[in-house]
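*Asks:* what shape does this take:
(one chain, ligands or ions: 1)
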Amino acid sequence: MSKVFQLRVEDGIGVVTFDVAGDAMNTWTEAAFASFDELMGELEKEKTLKGIIFISGKPDNFFAGANLKMIADIETPSEVRGVLELFHGAFRKLKNLNLPILAAIHGHCLGGGLEFALACTARIAKEGKTTLIGLPECNVGLFPGGGGTQRLPRLIGYPAIELILKGTMLPAAKAFELGIVDRLIPGDADLLGSAKAFIGEMIAGTAELKRTEHDFSKLDEIAEMARQGVLKATRGRALPAPMLALKSIQEGLKVSLAEGLEIEKANFVEVVMAKESKGSINTFFIKTLTDKPKAMMTKGFVPKPLKKAAVLGFGTMGRGIVIDIIRNMQVPVVVKDIPEALEPGKAFVRKILDGMAEKKRLKGTVDDYMKLITTTTEYGTEFKDVDIVVEAVFEDLKIKQQVYQELCRVIPGDCLVASNTSSLSIKSMAGLLTNPERFGGLHFFSPVWLMQLVEVIRGDQTSQETVDNLLNFAAAIKKRPIVCRDNAGFVVNALLFPMLLETFKYIEEGNAIEKVDQAMTSFGMPVGPIRLTDEVGIDVVYKIFKGMEIRQETLYGVVEAGRMGLKKSGKGFFLKDGSVDPEVLPLIAKKGVKELTMEQIQEGLLEAMVKTGKDLLDRKIVEDVRMIDVGMVWGVGFPTDKGGPMKWADLTGMSQRLFGKNFY
Ligand code: NAI
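*Replies:* Alright, predicted model coming up:
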């Protein structure tokens, strides 16, 4: 295997190029550390060197950080210590060379990559789109454990705290402004040439390096403010990564660098051993897996070009789908609905686009985008050249059947057709289409333009080509897709509804609504299950249970009393001030008393989801467990630090307890 670090000596300067062969990004793999060790041996022998430059051999990255796979595989504290020693040992050796060392940065310089650069004497960076500099570890449930929490604040002062806690990635100019980088060169400059000139100045003692002794006398106050900021962002949850990062900074800056590094190491062992780091790393992996939907298509597949789209129904969902098509694909869209629905639909789309334009999230003008929409009440000639139709009409099989029959008379035979149904089977509609192999499901989440997830549903007759083309469409409208087979509730609602059913059982057994909701928000869900029911529409949830042949007594009683939800009918489970409406309490169908602790509620509700997930895998509704976790994280906001319900069940031992094995 070729060496990661290659040394050549030019005019008394050691120029070290590094390149982790076979990977798009340089990361600190075991091979990289081994090669670094060898390099140190070579450098120690070079007695005449005056300075060293480290520069990446990759076109667009310096070092993207530690290898997350390596960290995810760690099982014991001593293994964590082993990995830490790799970093700290390497950086110690670097320092012991007692030479000016310059990191020459272009492209990503992140996490363990920036920690490496911080262990050098100085840094030069070339501006560029891919040049991002920062310590993003907190975003994957970790924190900088290779000296980052100690060296960055000592270099730039208090601003380091926020950068570390938020995991901010800075463009080169900003990193220069903050003092992380000592010299900035433009994107078209010669990095190695500039680095040689800079190290020449460093050797001659003429380079001015700003190395301020920062005053940390207000550290406790500032750290407390930062802690409050974190707790606000996590809605009160003291997650291990930011809390231990803060602890390392707060305690480490009061002692020497060497002692601070020891504090950081002890906390890093704790953070890696926390389940939340494993959950967060899983979220990172499943995000990467679905970031590029085209990579989920059959290898070598050439998708059908999508030059014109149609959306049937200009209601809640249709509007959202139109917004995503025009702003991301910039192709004409025909929208069909009844006359009264057309103007309100367009006005709504314009309102949302106006908001996006205000935030500078649109490339063109709102008028340009609006011109792409043609509204109609008939299946006329506008449909003759459409490439894809998304149907979002009322959730009524008879209406949908009629829509498909009429539609098929006007669209081309190879036009893709997808239904956004949430509860009807693809099978029940497929038979009404000519060429049913071009038909599948695209189940979006509301509000469409904000929710990343879409479920791509493969009906019995849906061809692989159609699934691939729908994945291509998902990519074009910037959605994160999961593919599943036809199933009541597909994936996300299939897991959500047993959980809701269990929730109502708990309140019927005497557990307070507030307590059940709070159990789940402190677990990390964005809203509690009862509030979710209230927001979605209590009648909607009731009807879905009814469709599953379940009569949920409490929901029945609440709906019968005319309470469809606070937003929908002005009355539901909650009052405007957020408290539970006392009028709803007598409507709860009491079923004995079984008071549960918050932990029991969390565990019981997770169990309801996980058992359904197992059933989906057994029935091959989904082939890959990761798709379930993607669905729950991006479809309902399952906490990212838990990695999805199936991963969390593995991490907490629930999978072993229930099924005798892990899913991952
Ligand atoms: P909606 O009631 O807001 O809009 C439906 C629209 O379809 C109305 O504007 C109606 O005039 C129109 N429509 C009815 N018959 C039509 C026909 N024959 N031709 C053309 N347009 C017709 O309903 P919503 O919420 O947008 O739901 C649409 C579909 O999306 C349903 O299948 C629903 O199950 C599904 N869905 C809804 C979600 C939600 O959160 N609302 C989430 C995911 C899917």
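
*Asks:* from now on I want contacts and neighbour counts done on CA atoms only, so please keep to that.
*Replies:* Noted.

*Asks:* which residues touch the most centrally placed residue in the chain?
*Replies:* For the chain, the residue nearest the mean C-alpha position is residue 287 (5.5 Å; CA atoms, centre = their mean). Residue 287 makes contacts with residue 630, as judged by CA atoms under 8 Å, 6 or more residues apart in numbering.

*Asks:* which element follows whichever helix or strand it is part of toward the C-terminus?
*Replies:* Per DSSP states H and E: residue 287 is located in helix 275-291. Downstream of helix 275-291, the first helix or strand assigned by DSSP H and E is strand 309-312.

*Asks:* tell me which strands that following strand pairs with, and in which orientation.
*Replies:* Paired neighbours of strand 309-312 in the sheet (DSSP bridges): strand 333-336 (parallel), strand 388-391 (parallel).

*Asks:* looking at these, which is nearest to the ligand?
*Replies:* The ligand lies closest to strand 333-336 among the strands paired with strand 309-312, at 5.2 Å (CA to the nearest ligand atom).

*Asks:* endpoints of stretch 519-533, how far apart?
*Replies:* 16 Å (CA to CA, to the nearest Å).

*Asks:* when you give positions from now on, start the count at 17
*Replies:* Sure, I'll start numbering at 17, so the last one becomes stretch 535-549.

*Asks:* hmm, it in reach of the ligand?
*Replies:* No: taking CA under 6 Å from any ligand atom as the criterion, stretch 535-549 and the ligand are apart, separated by no less than 11.7 Å.

*Asks:* buried ones in that stretch?
*Replies:* Under the neighbour-count criterion of 16 or more other CA atoms under 10 Å, stretch 535-549 has 535-549 buried.

*Asks:* now, those residues that are in helices?
*Replies:* 535, 536, 537, 538, 539, 545, 546, 547, 548, 549 (DSSP state H).

*Asks:* of the residues you listed, closest to residue 236?
*Replies:* residue 538 (26.7 Å; CA to CA).

*Asks:* what pLDDT does the closest residue to the closest one other than its chain neighbours get?
*Replies:* Distances taken as CA to CA, 6 or more residues apart in numbering place residue 253 nearest to residue 538, at 6.7 Å, with adjacent residues excluded. Predicted confidence (pLDDT) for residue 253: 96.

*Asks:* correct me if wrong: residue 253 contacts residue 247.
*Replies:* Yes: the criterion here is CA atoms under 8 Å, and residue 253 meets it with residue 247 at 6.0 Å.

*Asks:* can you put the strands paired with strand 325-328 in JSON lines and add distance to residue 590, mean pLDDT and mean neighbour count?
*Replies:* Shown next, in JSON lines, are these (distance: least, CA to CA, whole Å; pLDDT from 0 to 100; neighbours: other CA atoms under 10 Å):
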{"stretch": "strand 349-352", "distance to residue 590": "36", "mean pLDDT": "98", "mean neighbour count": "24"}
{"stretch": "strand 404-407", "distance to residue 590": "33", "mean pLDDT": "98", "mean neighbour count": "25"}
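
*Asks:* dump the ones you listed into CSV; add distance to the ligand as well.
*Replies:* Converted to CSV, the strands paired with strand 325-328 look like this (distance: least, CA to the nearest ligand atom, whole Å):
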stretch, distance to the ligand
strand 349-352, 5
strand 404-407, 7
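
*Asks:* let me know which of those is the nearest to residue 561.
*Replies:* The nearest among those, by CA to CA, is strand 404-407 at 23.5 Å.

*Asks:* OK, contacts around residue 270?
*Replies:* Residue 270 neighbours (CA under 8 Å, 6+ apart): residue 276.

*Asks:* my guess is it is in a strand, correct?
*Replies:* No: per DSSP: H, G, I helix; E, B strand; the rest coil, residue 270 lies outside any strand segment and is coil.

*Asks:* tell me how far residue 537 lies from the ligand.
*Replies:* Here residue 537 is placed at a distance of 21 Å from the ligand (CA to the nearest ligand atom, to the nearest Å).

*Asks:* element containing residue 438?
*Replies:* Here residue 438 is assigned to no helix or strand, by DSSP H and E.

*Asks:* and it, how many neighbours?
*Replies:* Look at residue 438: counted by other CA atoms under 10 Å, it has 18 neighbours.

*Asks:* ditto for the one 4 residues further on
*Replies:* Taking other CA under 10 Å as the neighbour definition, residue 442 ends up with a count of 25.

*Asks:* and the nearest residue in space to residue 156 that is not next to it in sequence, what does it touch?
*Replies:* Of all residues not flanking residue 156 in the chain, residue 296 sits nearest, at 5.0 Å (CA to CA, 6+ apart). Residues counted as contacts of residue 296 (CA under 8 Å, 6+ apart) are 155, 156, 157, 656, 657, 658, 659.

*Asks:* and the pLDDT for residue 296?
*Replies:* Predicted confidence (pLDDT) for residue 296: 97.

*Asks:* next: residue 18.
*Replies:* Value for residue 18, per-residue pLDDT: 76.

*Asks:* for it, give its distance to residue 34.
*Replies:* From residue 18 to residue 34 the distance is 11 Å (CA to CA).

*Asks:* between these two, who's got more neighbours?
*Replies:* residue 34 (22 against 10).

*Asks:* excluding sequence neighbours, find me the nearest residue to the more buried one.
*Replies:* Closest residue to residue 34 apart from its sequence neighbours, by CA to CA, 6+ apart: residue 21 at 4.4 Å.

*Asks:* check contacts around residue 180.
*Replies:* 150, 151, 152, 153, 154, 159, 160, 165, 261.

*Asks:* try residue 176
*Replies:* Counted by CA under 8 Å, 6+ apart, residue 176 has contacts 168, 169.

*Asks:* what about the closest residue to the ligand within the stretch 67-216 of the chain, how many neighbours?
*Replies:* Using CA to the nearest ligand atom, the closest approach of the stretch 67-216 of the chain to the ligand is made by residue 155 at 29.4 Å. Using other CA under 10 Å, the number of residues around residue 155 comes to 21.

*Asks:* same check, this time on the one 10 residues further on
*Replies:* By other CA under 10 Å, the residues close to residue 165 number 29.

*Asks:* and the nearest residue to it once chain neighbours are set aside, how far from residue 236?
*Replies:* Of all residues not flanking residue 165 in the chain, residue 265 sits nearest, at 5.6 Å (CA to CA, 6+ apart). Residue 265 sits 10 Å away from residue 236, going by CA to CA.

*Asks:* just the helices in the stretch 417-566 of the chain please.
*Replies:* Remark: helices assigned in the stretch 417-566 of the chain by DSSP state H, counting those that start in this stretch are 442-446, 480-492, 508-524, 529-539, 545-552, 554-563.

*Asks:* thank you, goodbye.
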